[in-house]
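Novice: Make a model of this:
(chains A and B)
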Amino acid sequence: MGSEIEYGITVQGDPDFDPISSCVLLVNAYQDNEDARILWDYEQENPLADARGFHVEGEKYTPNQQENIARNKTLRNGARFYVDHAHPEYSTPEVTNVRDLIAFERAGERTMEAARRAATALLPSGQTVLIHKNNSDRKGNSYGNHENYLIERRTPFREIVEHMTPFLITRNIFCGSGKVGTENRAQPCDYQISQRADFFETEVALDTMVKRPIINTRDEPHADREKYRRFHVIIGDSNLCEVSTYLRFGVTAIVLGLIEDGAIPKSLSVNDPVKVVKEVSHDLACKRQFAMERGGRMTAVEIQKEFLENALRYFSSRSLDPITKDILVRWERMLAQIAEDPLQLDREVDWVIKHKLIKSYMQRHKVDWHHPQVHMLDLQYHDVRPDKGLYNLLERRGEVDRIVESEEIERAVKTPPSDTRAYFRGECIRRYPDEVFGVNWDSISFNVGDEPIKRILMNEPLKGTRAHVEELLESSPTAQILVRNLTAS
Amino acid sequence: MKIFKHEAEPSSGIWGAAGDQTQKTKQGGGDSDSTTSSDAGGQKKLAKKGEELKEEMDSLIDEIDEVLEENAEEFVKNYVQRGGE
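Specialist: Reported below is the predicted structural model:
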């Protein structure tokens, strides 16, 4: 699994702020591996393939070489830090479990902060680059948090659509990031559970930028197409609190596993999911009932509980790894707490943490939801600066629960995960910075001497691990020898 | 390219301050700290706890007042992003 996060960017004190040039400055100011000037290998990409079995007409984006290097950085930890349209984006390396996911996603926050400081140092005095891990400017513009899950190709896509739709539109009760007000012509409210719900307008589609769908059909596995799909979830909020990220990825992976093994006997489809996703977001008490296709009405908590019961039944006859077990225990407890009173989850769920913070502030300063300082709190909660970001302030004060240790995050900034192909990618960049020519998720190419560029394909995400390639790397002092060793075997 | 030449970034020591408060998760249906207890000791304890919570919240809001961006109205108004993804 892995996450791709677009961050908000602005330059304080710059009346002529241009987001694209600021992103380019940000990405290039970051020091990861000084010698490396690596291309992103667009030849390996195919974002126009649709999971429903067709190809969409359109132009593939391929920048020239100089622009490519200026916009893309592949890091020593196997992550990609780059300019996506008008946002800086950080894609984690591929990981096998949710704990690693959190460590690498938070490594991304630190990378953004280090880049932000380095970029600010290059600007005229009085100008400061600011980065927010949020998904909306509250003026009708949204940017994404995308989750990726590797699943088996044989699972029929229509079953994924059938079960993931009701799951995805109700899960924000335990992982939304909260937002003051509404936008994009949605029904007005003071505060809602999700940053993104206002922007979802269709049930199933390939688009991500307009008419956003609950289920995105991009069929670009970045791996062996015959064996795998990459399920691309675009409806989630960027979380600050580790527990929210933990549940969002952990529970979603569990439900996908149930779908793969046909372990959801009764469909939980709701009528009019596009409307329901917004209604769930506006219902802070989580008591509202929704009409089910099979008849009757259920709340978001009840829908989630039925997914949970399916999971408990499924795992009752199987062995459980400790992380999956922990996720199941927390999911069950949190759903019970939400049914009772969701505002109890004020150490674990972003929308509740932020809600409590704003309510306390409003009480103390006698202001209401429309006050600019309340809107500022809503925004500054997501600021990545350790001293100014309000989530970071709460974390420093010990007022939120955590999952990983700070050392794990620090290590993840510099070191790739050891148990996926990201290990090979990251190690090659660290060991042979001058010879790595281009990278994509499923390939790495080398420029060694006068020979033609050699592209090594990595179609299996679980190969190229430390166990597979450490010896090979150790016995290859140069990239030339590595390429020779690889092509000889 | 000129853009690649610059000073090394300052060290990231500040993250150390963010600490390692990996917390024990709050269990069960919230804090059941003698809310139903009718004895005087329980009441006193509860009042004390309430006071502590209020003090904590006050110190948090004080800290927020220190770091919250000045000119909130201007800042929020100028915060415009392009749609992404």
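Novice: Could you use CA atoms for every contact and neighbour count after this?
Specialist: Noted.
Novice: Who are the packing partners of the longest helix that chain B contains?
Specialist: As far as residue count goes, and with DSSP state H defining each element, the longest helix of chain B is helix B:40-67. Judged by 3 or more C-alpha pairs under 8 Å, 6 or more residues apart in numbering or on different chains; DSSP states H and E, helix B:40-67 is in contact with helix A:350-365.
Novice: so does the helix it packs on get close to chain B?
Specialist: Yes: between helix A:350-365 and chain B, judged by C-alpha under 8 Å from any C-alpha of the partner chain, the touching residues are A:360-361, A:364.
Novice: Domain boundaries for chain A, per the record?
Specialist: Residue ranges for the structural domains of chain A, counted by automatic domain parsing, are given in the record as A:154-347, A:410-488.
Novice: Any idea how far apart the tips of the shortest one sit?
Specialist: Right, domain A:410-488. Distances were taken as C-alpha to C-alpha, to the nearest Å; on that basis the terminal residues of domain A:410-488 are 37 Å apart.
Novice: Likewise for the longest one?
Specialist: Between the opening and closing residues of domain A:154-347 we find a distance of 40 Å, counting by C-alpha to C-alpha.
Novice: what do you get for stretch A:11-20?
Specialist: Stretch A:11-20 has an end-to-end distance of 12 Å (criterion: C-alpha to C-alpha).
Novice: roughly how far out does it sit from the chain middle?
Specialist: Remark: stretch A:11-20 is offset 26 Å from the chain centroid, using C-alpha atoms, centre = their mean, to the nearest Å.
Novice: now what about that stretch, what contacts it?
Specialist: Applying C-alpha atoms under 8 Å, 6 or more residues apart in numbering or on different chains, the set of residues contacting stretch A:11-20 from outside is A:9-10, A:22, A:83, A:85-87, A:126-130.
Novice: again, only this time at 6 Å
Specialist: The set of residues that contact stretch A:11-20 without belonging to it, under C-alpha atoms under 6 Å, 6 or more residues apart in numbering or on different chains, is A:86, A:127-130.
Novice: With stretch B:71-85 instead?
Specialist: So stretch B:71-85 is in contact with A:137, A:141-144, A:208-209, A:372-373, A:376, going by C-alpha under 6 Å, 6+ apart.
Novice: Among these, which pair sits farthest apart?
Specialist: The most widely separated members of the contacts of stretch B:71-85 are A:Thr208 and A:Gln373, with 31.7 Å between them, by C-alpha to C-alpha.
Novice: re earlier: report the buried residues of the next helix or strand after the longest helix of chain B.
Specialist: Using DSSP states H and E, the helix or strand that follows helix B:40-67 in sequence is helix B:72-78. Using 16 or more other C-alpha atoms under 10 Å in any protein chain shown as the burial criterion, the residues of helix B:72-78 that qualify are B:72, B:75-76.
Novice: And stretch A:339-351, by the same measure?
Specialist: Going by neighbour count (16+ other C-alpha under 10 Å), the buried part of stretch A:339-351 is A:341-351.
Novice: Repeat that for stretch A:59-77.
Specialist: Along stretch A:59-77, these residues count as buried under the neighbour rule (16+ other C-alpha under 10 Å): A:68-77.
Novice: anything in that stretch near chain B?
Specialist: No: under the criterion of C-alpha under 6 Å from any C-alpha of the partner chain, chain B is not reached by stretch A:59-77; the shortest gap measures 9.2 Å.
Novice: First-to-last residue distance for that stretch?
Specialist: Using C-alpha to C-alpha, the span of stretch A:59-77 from its first residue to its last is 31 Å.
Novice: Tell me the gap between it and the middle of its chain.
Specialist: Its chain's average C-alpha position is 20 Å from that of stretch A:59-77, according to C-alpha atoms, centre = their mean.
Novice: repeat for stretch A:382-391
Specialist: 19 Å.
Novice: Count the residues that sit near A:Glu203.
Specialist: The burial metric for A:Glu203, expressed as a neighbour count using other C-alpha atoms under 10 Å in any protein chain shown, is 16.
Novice: that's a strand at it, yeah?
Specialist: Yes: assessed by DSSP: H, G, I helix; E, B strand; the rest coil, A:Glu203 belongs to a strand.
Novice: Please name the residues that touch it.
Specialist: Under the criterion of C-alpha under 6 Å, 6+ apart, the contact partners of A:Glu203 comprise A:213-214.
Novice: pLDDT at the residue nearest to A:Cys189 when sequence neighbours are not counted, what is it?
Specialist: The shortest distance from A:Cys189 to any residue that is not its chain neighbour, by C-alpha to C-alpha, 6 or more residues apart in numbering or on different chains, is 5.3 Å, and that residue is A:Gly181. At A:Gly181, the predicted lDDT confidence score is 97.
Novice: any idea how far chain B is from A:Gly181?
Specialist: The gap separating A:Gly181 from chain B is 13 Å, by C-alpha to the nearest C-alpha, to the nearest Å.
Novice: likewise A:Gly2?
Specialist: Using C-alpha to the nearest C-alpha, one gets 16 Å for the distance from A:Gly2 to chain B.
Novice: picking up where we left off before, the more surrounded of A:Thr208 and A:Gln373?
Specialist: A side-by-side neighbour count of A:Thr208 and A:Gln373, using other C-alpha under 10 Å, places A:Gln373 first with 25 against 21.
Novice: would you list the contacts of stretch B:71-85 in CSV and tack on secondary structure, pLDDT and distance to A:Leu284?
Specialist: Formatted as CSV, the entries for these read as follows, by DSSP: H, G, I helix; E, B strand; the rest coil; pLDDT from 0 to 100; distance: C-alpha to C-alpha, whole Å:
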residue, secondary structure, pLDDT, distance to A:Leu284
A:Asp137, coil, 97, 21
A:Asn141, coil, 96, 23
A:Ser142, strand, 96, 22
A:Tyr143, coil, 96, 23
A:Gly144, coil, 91, 23
A:Thr208, coil, 83, 27
A:Met209, coil, 82, 27
A:Pro372, helix, 97, 22
A:Gln373, helix, 97, 22
A:Met376, helix, 98, 21
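Novice: Could I have the buried ones of those residues as ChimeraX selection syntax?
Specialist: In ChimeraX syntax, the buried subset of the contacts of stretch B:71-85 is picked out as below (16+ other C-alpha under 10 Å):
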select /A:137,141,142,143,144,208,372,373,376
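Novice: Kindly indicate which of the contacts of stretch B:71-85 lies nearest A:Val251.
Specialist: Taking C-alpha to C-alpha as the measure, A:Val251 sits nearest to A:Gly144 out of those, at 19.8 Å.
Novice: which ones are touching that closest one?
Specialist: For A:Gly144, counting by C-alpha under 6 Å, 6+ apart, the contacting residues are A:6, B:85.
Novice: what about it, distance to A:Leu335?
Specialist: Using C-alpha to C-alpha, we find A:Gly144 at a distance of 26 Å from A:Leu335.
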